[in-house]
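Asker: After the sequence you'll find the predicted model.
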Amino acid sequence: MTTNEANVADPEISDADIYQRLAPELIRMATALVGRADAADVLSGAVVRVLASPKWPGVVNHRAYLYRAVCNEANTWLRRSAARRAGEARVPVEDRWELPNLRPDVRRAVARLSVRQRAVVVLTYWADLAPAAVAEQLGISEGSVRRHLARARSSLRRVLDA
Amino acid sequence: MRERLSDDELDRELRCVAHDLVAQAPPAPARLPAGPVVDSLAAIPRRRLGRFLPALAAVTVVLIIVAGVVLGSGWFGSTGVDQASVTAADRRLFLESWPGELLPDGSAVPLEMGDLSPRALTGAPQALPGGRHVVVSERNPSADRATDRANYLAVLEADGGVEVERKVGSDTEWIGLLASTPTEAILIRARRGLDADSYGSNPSGQGRIVAHNLATGQERPLPIPVTADSRSSVAADAIGDRLVLAFPTGGGRCTLDVIDLTSLGWSRVAALSNCHKVRGVRVSPTGQFVAVVYGNLGPVIELRFAIVDLESGLIRDDILLGHNVLCPQSPCGGGRQVDYLGMAWENETEARIALIDLEPYDGSSESMPSYGSPIPRAAILVDTRTVR
C-alpha cells in the first residue's frame, strides 16, 4: 500500500474527507489489533485524539499518522481491558478474533503477539508492504519492523512446527 | 514433532493469519464525530482534555451508534435499493472481445466502433453519459494502413457518430481500456510483446495506468503498481471520483483497491484467494458493492464470480460460474463450460453476467467465432446474482 500524498499539508482537504478515505482500512487495522467487538471504539478514540492534537493541522502523511494513532489507541485499550478482565470471569483472549480457518493453538499464538507485531504482520502480509513502507506507516525504524516480523514469525513457527 | 515448515510455507500461513485478522472488520463508523464537539477540542488545554476525553469518547460512541442505526435503517436511503440512482449507463452490458451490447431482452446488437476494428478491441467498451461509449482498438485495415498497428481511442455518440478518434498508442506500445469516468478514460500502457507468435500484439513488461482526458487527450499518471505479470489480467470500474481496480499480485491472490482519482490516495479493500486473473469488475450504482469475475488455476480453470462489500471488505458472494477450459473428455466435473463476455448491475442488488456457452465449441474458446464476429444468440447465457 503506497500513497501519493503531497509533501505539504493540503488545507483544501477536510478532516471529514481524510476520514472517509482512510476509515475502511483503519477499521481493518483496528480489528486486527483488538478484535471486531472493540474495533469501532478504538478507531473512534484514535480519531478523536488525532483531531485534538495541535500537530494534526501540520501533518503531511495522514495515513501514517492515523495508523500510528490506531496502534497507540489499541495498546491503551488492551491495557485497560486487561485490567478490567482481571476482575471478571476469564474469557480466552483469542476469542477477540473470529479466526475459524486457524487451529486453536495458532489462534492462541496470534493472540499472544504484541500490538506492534500484529500491526507489522498485517501490513506485511495483508497490505503487501515492504519493511521500509511498514516502518514509515508505523513511525518506527526499518530494523524494528524486521525484528517485530522475525519475532512474530518465530512465535508462529514454534506452534506450527510443534 | 512435524517437519519444519519452509519459509514459503510460513509466509503462506502468515498471509492467511493476516487476512483472517482483518476479514472480520465491521463497517467503519460512518462519519467523523459531530462537528461542534470536534471543533472545540483544539481549544481545550491538554491537561483538561485528559479529564474530558472519557466522557467525550462515550458521547462519540453514542453518536456513532445512533448514526449507524440511522444509516442502517435506510432513513436516508443510503443503503436501501435506490432505483433512481441507477442510470442507463450503469445498466448497459457490453460484451467484451466480441464488441456488442446485450439488450435487456437478451438479444445482442453490434456496437458502433467508427473507423476502428471490432477484431482488435483492447478491453471492454465503457459507457459514457448520454448514450455514448468509448472504445480502444486498432483502425480498420486498409492498403495505406497496412503497417499501422497503433491503438486508437474513439468516443461514439448514441447515434453512432464519431465524437473523438485519437491515436493513443504506437507500434511499440500496447494500450488497454480499463474504465471511464464522464471526462476521462482509464488506460493501461505496456510495451508490446516481442514474441513472434503474438505478432507483437500482446502486452509485455511493466504496465502503467493513466487517466486520459477524453476532450483534450492530456494524460496524468495514476500511482498504481501493476506488476508485469498482471498487466493483462487487470480490470477496473469507476464511480464518481473513485476507481475500483482488481489485479493479481502473485501467489494466487488478487487484490481489490480503491483509488481516489482526485487526491490519488488509495486503499486496499479486499483480497481474493486462488485468483490468477481478473476478467471483469463492476461497481454497483451507489458504490456499496463491487462485482468481480475472476479465474483461478485448479485441476481445471474455474471462472468465478464474487461480490465484495466495499465498505467492510467482506466477500458477500463467491460462486463458480463454470469452467473455462478445453474439456474434450469432459473432466470438468459436469459443470458448464463458459467464457466471460461482460456484466452490469441491473439495480443496487442485482448483477447480470453475460457468458458464452462453450459447449457448441467443444468447450474451447479457440474454436469460437472469431473476434468481432457475431455470437449466435443461443450461445449467450445470462446469469443474475443478487447480493445476499
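Answerer: Received the coordinates, thanks. Residues are numbered from 1 along each chain as shown, chains lettered A, B, ... in the order given.
Asker: Burial check on residue 14, number of neighbours?
Answerer: I'll assume chain A. 11 (other Cβ atoms under 10 Å in any protein chain shown). For glycine as for every other residue, the C-beta is placed from the backbone atoms N, C-alpha and C.
Asker: Switch to chain B, please.
Answerer: 22.
Asker: Could you give the backbone dihedrals for it?
Answerer: phi -70, psi -30 (degrees, to the nearest 10).
Asker: ok, now how distant is it from residue B:267?
Answerer: 21 Å (Cβ to Cβ, to the nearest Å).
Asker: same thing with residue A:41?
Answerer: 21 Å.
Asker: Nearest residue to residue B:15 in space, please, no chain neighbours.
Answerer: residue A:125 (4.6 Å; Cβ to Cβ, 6 or more residues apart in numbering or on different chains).
Asker: my guess is that neighbour contacts residue B:11, does it?
Answerer: Yes: contact status for residue A:125 versus residue B:11: in contact at 7.5 Å, counting by Cβ atoms under 8 Å.
Asker: Let me know the secondary structure of residue A:21.
Answerer: helix (DSSP: H, G, I helix; E, B strand; the rest coil).
Asker: Over to residue B:268?
Answerer: strand.
Asker: who are the neighbours in contact with it?
Answerer: A:1, A:25, A:126, A:127, A:128, B:255, B:256, B:257 (Cβ atoms under 8 Å, 6 or more residues apart in numbering or on different chains).
Asker: can you do 10 Å?
Answerer: By Cβ atoms under 10 Å, 6 or more residues apart in numbering or on different chains, the contact list for residue B:268 reads A:1, A:24-25, A:28, A:126-129, B:22, B:249, B:255-258, B:313.
Asker: from those residues, which is closest to residue B:271?
Answerer: residue B:255 (5.0 Å; Cβ to Cβ).
Asker: can you tell me if the helix ranked longest in chain A touches chain B.
Answerer: Taking DSSP state H as the criterion, chain A has its longest helix at helix A:62-86. Yes: for a cut-off given as Cβ under 10 Å from any Cβ of the partner chain, helix A:62-86 has contacts with chain B, namely A:62, A:63.
Asker: who does that helix touch, helix- and strand-wise?
Answerer: Secondary-structure packing of helix A:62-86 (3 or more Cβ pairs under 10 Å, 6 or more residues apart in numbering or on different chains; DSSP states H and E): helix A:15-34, helix A:36-52, helix A:115-125, helix A:131-138.
Asker: Check the offset of the first one from the chain's centre.
Answerer: Taking the mean C-alpha point of helix A:15-34 and that of its whole chain, the gap between them comes to 10 Å (Cα atoms, centre = their mean, to the nearest Å).
Asker: do the same with the third one
Answerer: Taking Cα atoms, centre = their mean, the mean C-alpha location of helix A:115-125 is offset from the chain mean by 7 Å.
Asker: Report the inter-axis angle for that helix versus helix A:131-138.
Answerer: 130 degrees (axes from the mean of the first three to the mean of the last three Cα atoms, to 10 degrees).
Asker: one step back: do you know which of the helices and strands packed on helix A:62-86 lies nearest residue A:154?
Answerer: helix A:115-125 (10.2 Å).
Asker: Let's see the closest one as CSV, backbone CA atoms only.
Answerer: Extracted as CSV, the C-alpha positions of helix A:115-125 are listed here (Å, rounded to 0.1, in the frame of the first residue of the first chain):
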residue,chain,number,x,y,z
VAL,A,115,0.1,-4.9,19.1
ARG,A,116,3.2,-3.9,17.1
GLN,A,117,3.9,-7.4,16.0
ARG,A,118,0.3,-7.8,14.8
ALA,A,119,0.4,-4.5,13.0
VAL,A,120,3.6,-5.5,11.3
VAL,A,121,2.2,-8.8,10.2
VAL,A,122,-1.0,-7.2,8.8
LEU,A,123,0.9,-4.5,6.9
THR,A,124,3.4,-7.0,5.6
TYR,A,125,1.1,-9.9,4.7
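Asker: Tell me which other helices or strands that helix touches.
Answerer: Using 3+ Cβ pairs under 10 Å, 6+ apart, helix A:115-125 sits against helix A:15-34, helix A:62-86, helix A:104-112, helix A:131-138, helix A:142-161, helix B:7-23.
Asker: report the angle between the axes of that helix and helix A:142-161?
Answerer: 90 degrees.
Asker: and helix A:115-125 with helix A:62-86, angle?
Answerer: Using the same axes, to 10 degrees: helix A:115-125 against helix A:62-86 is 140 degrees.
Asker: buried sites along helix A:115-125?
Answerer: Residues of helix A:115-125 classed as buried by neighbour count (16 or more other Cβ atoms under 10 Å in any protein chain shown): A:115, A:116, A:117, A:118, A:119, A:120, A:121, A:122, A:123, A:124, A:125.
Asker: Verify the stated contact: the fourth one with residue A:70.
Answerer: No: in terms of Cβ atoms under 10 Å, residue A:118 does not count as a neighbour of residue A:70; the distance is 11.6 Å.
Asker: Low-confidence stretches in chain A?
Answerer: A:1-12, A:81-102 (pLDDT under 70).
Asker: Quickly list what residue B:320 is bridged to.
Answerer: Counting by DSSP bridges, residue B:320 forms beta bridges with residue B:304.
Asker: burial of residue B:160, as a residue count?
Answerer: With other Cβ under 10 Å as criterion, residue B:160 counts 10.
Asker: just residue A:150 next, same as before
Answerer: 12.
Asker: same deal with residue B:242?
Answerer: Using other Cβ under 10 Å, residue B:242 has 19 other residues around it.
Asker: element containing the closest residue to it other than its chain neighbours?
Answerer: Spatially, and ignoring its direct neighbours in sequence, residue B:242 is nearest to residue B:258 (5.6 Å; Cβ to Cβ, 6+ apart). Residue B:258 is part of strand B:253-260 when elements are defined by DSSP states H and E.
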